[in-house]
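# Structure for this input, please:
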Amino acid sequence: MKRTILILALLGILASISNLQAQEKKYYIPKKGDWAIGVTFNPASISSGIAIQPESGDFAGEYISSLALNPKQMFIMSKDPLAAVRIKYQTSQKSALRATIGINGSVVNYNEYVRDDLSYSLDPNTQNKVVDRATSAYNSVSIMLGGEYKLGERAVRFVWGWDVIYSIAGGKLNYSYGNQMTEYNRVPTTMPLMGTIQDGGVNDFMAVNGITYARPVESYNQGYIHGIGFSVDMGLECFVAESLSLGLALNFTPVMFTFQPQTWTVYEGFNSNSGSVMEFNSLVSPGSNAVLYGTENIGCRISLNYYFGK
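Below is the predicted model of the structure:
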């Protein structure tokens, strides 16, 4: 279905380009010092998006749980952002410098009532409650810096360009609890989301010397993946009005390097050896890297641009 819609859209664009090319009109010719602002859309990126936002209608607790239970890599695919903003500066009539940025992300706060342990210790019939919270903060940013070159002065012009890509994606999970962990309350009441993985929760703590129970305070399981790559594109720019153009270009990223730093989870637990509550860091991954290369990372950039002359 998506492919059919894309093909029909491209055919419509090509038909419009043919009509414009046949018209004998004078169209805007960029000059040195002119600026342009526009938006780009790459439908090929739809299938390679990173799940850093809950789907519409998703239960926040399930979304956070799915992130916590996937502690390994979250590789960036070397694709364009689905939609981005682009700024161009003309260095001459036929060449320009360009910068493109795409942003995506979410901050999800999941709150749940639990029994107030202090009130319960004083009155087992109490109805007092406190609030536990889990917060996920995940985001991605893609920045492209490069140049482009034009041939022709009529309505339709041949365009080709290149970009250096820097991408970053990832985030972390933070937890806060209404019931404090103390010497007298070593296993506080917490929301079901903080149960063990075997019971469908997110707590993957394994007992260590002196600590039999602990709960996560901060999880950096996904980490922030950094990607650096190189992209090229080639296509047509069609001026549908004096300073307004519609672009259609095929692009691909022949090479991209990705890096994931060390990932970890911070726990809090009562240490029977020291007789106190302590926080400790549990390493998840020492860090990884990858080289993505080839010609299959192909896309189709559709852009709308408005030029500002001097």
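
# Which helix or strand contains the spatially most central residue of the chain?
Residue closest to the average C-alpha location in the chain (Cα atoms, centre = their mean): Ser140, at 2.8 Å. In this assignment (DSSP states H and E), Ser140 forms part of strand 129-151.

# partners of that strand, with directions?
With DSSP bridges as the test, strand 129-151 is paired with strand 95-115 (antiparallel), strand 156-176 (antiparallel).

# beta partners for the residue nearest to the centre of the chain?
Going by DSSP bridges, Ser140 forms beta bridges with Asn104, Ala169.

# Relative to Ser167, how far out is it?
According to Cβ to Cβ, to the nearest Å, Ser140 stands 7 Å off from Ser167. (Glycine included, C-beta is placed from N, CA and C.)

# neighbours around the residue nearest to Phe308 when sequence neighbours are not counted, how many?
Nearest residue to Phe308, sequence neighbours excluded (Cβ to Cβ, 6 or more residues apart in numbering): Trp35, at 4.7 Å. Burial of Trp35 is recorded as 15 neighbouring residues (other Cβ atoms under 10 Å).

# is it true that Trp35 touches Tyr306?
No - taking contacts as Cβ atoms under 8 Å, Trp35 lies outside contact range of Tyr306: 9.4 Å.

# Overlap in contacts, the two.
Overlap of the contact sets of Trp35 and Tyr306 (by Cβ atoms under 8 Å, 6 or more residues apart in numbering) is empty.

# Can you name the residues that contact Asn139?
Contacts of Asn139 by Cβ under 8 Å, 6+ apart are Ile52, Ile103, Asn104, Gly105, Ser106, Ala169, Gly170, Gly171.

# Can you say which of the residues you listed are buried?
Buried by 16 or more other Cβ atoms under 10 Å: Ile52, Asn104, Ala169, Gly170, Gly171, out of the contacts of Asn139.

# Quick one: the helices in the stretch 1-150 of the chain, in order.
Using DSSP state H, counting those that start in this stretch, the helices of the stretch 1-150 of the chain run over 2-22, 60-68, 117-122.

# tell me which residues in the last one are buried?
Buried positions in helix 117-122, judged by neighbour count with 16+ other Cβ under 10 Å: Asp117, Leu118.

# That one: how far from the chain's middle?
Mean C-alpha position of helix 117-122 versus that of the full chain (Cα atoms, centre = their mean, to the nearest Å) differs by 43 Å.

# contact partners of that helix?
Thr126, Asn128, Asn179, Asn185, Pro188, Thr189.

# which non-adjacent residue is nearest Gly146?
Spatially, and ignoring its direct neighbours in sequence, Gly146 is nearest to Asp163 (3.4 Å; Cβ to Cβ, 6+ apart).
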